[in-house]
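1. fold the following for me, if possible:
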Amino acid sequence: MLEIGAGPAGAAAAFFLSFLSQGRLSVLSLEKLDRNYDKYHHMCGEALSRKAFEDLAPLEPYAAQFQIRRAVEHWPGDVTLETEADGLIVDRPKFIRNVLDRARKEGCHTEIASAVGISRQQDGYLVRTRDGREFSARYLVGADGWNSLVRRTFFQGGPRLLWAEQFITDAKADPDAMHFYYHQRYRGGYRWEFPHLAGKRVGFTRGAEERPAYLERQGRPIPYGYDKVVSGNACLVGDAAGQANPITFGGIRIGMVAGKMAAEAIANGDLEEYARKWTRSPYASSVYVKAFDSLRGMDDQELFRSVKPFRNGYGRLSGMRALLNGKKYRELYRAYDLGAKWGW
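-> Numbering: from 1, shown residues only. This next block holds a predicted model:
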């Protein structure tokens, strides 16, 4: 098995296939980034819910920097909602490297190499790298990011892209909370403020507001809304498959779970099992994209109307009131509910 890309999804695929096959299969992971690896992977809120590790066992939290206990939402109309949360801010590069270290201990071989061409052969795939090497494999896992070579070679179309910017600042942050600010200027997205060792990380959809004073600027697209994950004996996971959640912007947990699903399917000799399992999972619900498209068209008045039933807090009574009086927003409420459980 040859896996291209060693972000969260690729690292998870490499680990789980090595772990599950117990040496029966040869696993090779290619990663093109070397010196820029940390810089690329720090462009992220780096938040993971603890529930993620129920899906990812035997993997465990690693390189945690903050314990997240609260999620605070700021809506138009001076509506502020606070809920309990149970999660972590991790050092994403260190976390991924730990997964790769565990993969190597299970027998996975890793190489730094940039794939520049892939061809289908009778018994699998041949991957050519920029430095002139060639690697062959029966199964191919594309975890090579939003502009995936695997997807462009063997799949039709591509994901939608939401471009985001993040800034590391020296401003003071709540060390146990994630703050989310909703406004029409974010065009369906939001502004996020998470703790960072240097102070605070601030992010929003690109161009939505003026850049703050910053120590470091980061930017990248968030790919979402793509539903093809298997073609022959090739599959896609993580950003290559557009698996980020457009409601939460979360992608680490989702990509890693997809990597595990793909590994289980390959270990079982039936890659289509991954497509079936992924499509039925709460991670792939079509409600997320529908809700995001709805949010993109809302101005501040409608954003306020959508959250008005909850202005005194979330709970059973406010939920019932919202469902009775807000039929227009039911799909949006469902997306928020699913996203809180599965989107980070």
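
2. where does the protein have low pLDDT?
-> 325-326 (pLDDT under 70).

3. how about the helices in it?
-> Assigned by DSSP state H, the chain shows helices spanning 8-21, 37-41, 52-55, 92-105, 149-154, 252-267, 272-280, 287-296, 300-307, 316-325, 330-342.

4. nearest to residue 194 among these would be which one?
-> Residue 194 lies closest to helix 92-105 among the helices of the chain, at 12.1 Å (CB to CB). Heads up, the C-betas are built off the backbone N, CA and C, glycines and all.

5. who touches the closest residue in space to residue 171 that isn't next to it in sequence in this structure?
-> Distances taken as CB to CB, 6 or more residues apart in numbering place residue 200 nearest to residue 171, at 4.5 Å, with adjacent residues excluded. Each residue near residue 200 by CB atoms under 8 Å, 6 or more residues apart in numbering is listed here: 168, 169, 170, 171, 172, 173, 193, 194.

6. which ones are touching the fourth one?
-> What that stands for is residue 171. Residues in contact with residue 171, defined by CB under 8 Å, 6+ apart, are 199, 200, 202, 212.

7. that older thread, bridged to the residue nearest to residue 171, which residues?
-> residue 169, residue 195 (DSSP bridges).

8. with residue 212 as the reference, measure out to it.
-> Distance of residue 200 to residue 212, computed by CB to CB, to the nearest Å: 9 Å.

9. overlap in contacts of those two?
-> 169, 171.

10. end to end on stretch 154-164, go ahead and measure it.
-> End-to-end distance for stretch 154-164: 28 Å, by CA to CA, to the nearest Å.

11. got the buried residues for that stretch?
-> 154, 155, 158, 159, 160, 161, 162, 164 (16 or more other CB atoms under 10 Å).

12. distance from the chain centre to that stretch, please.
-> Centroid displacement of stretch 154-164 relative to its chain, using CA atoms, centre = their mean, to the nearest Å, is 14 Å.

13. what's that stretch in contact with?
-> Here stretch 154-164 makes contact (CB under 8 Å, 6+ apart) with 118, 120, 146, 151-152, 189, 203-206, 219-226, 228, 231-232, 234, 236, 239, 241-242, 246, 249, 289.

14. what's the answer for stretch 267-285, then?
-> 17, 20-21, 24-25, 139, 227, 229-230, 233, 235, 243, 245, 254, 257-258, 261-262, 264-266, 335, 338, 341-342.
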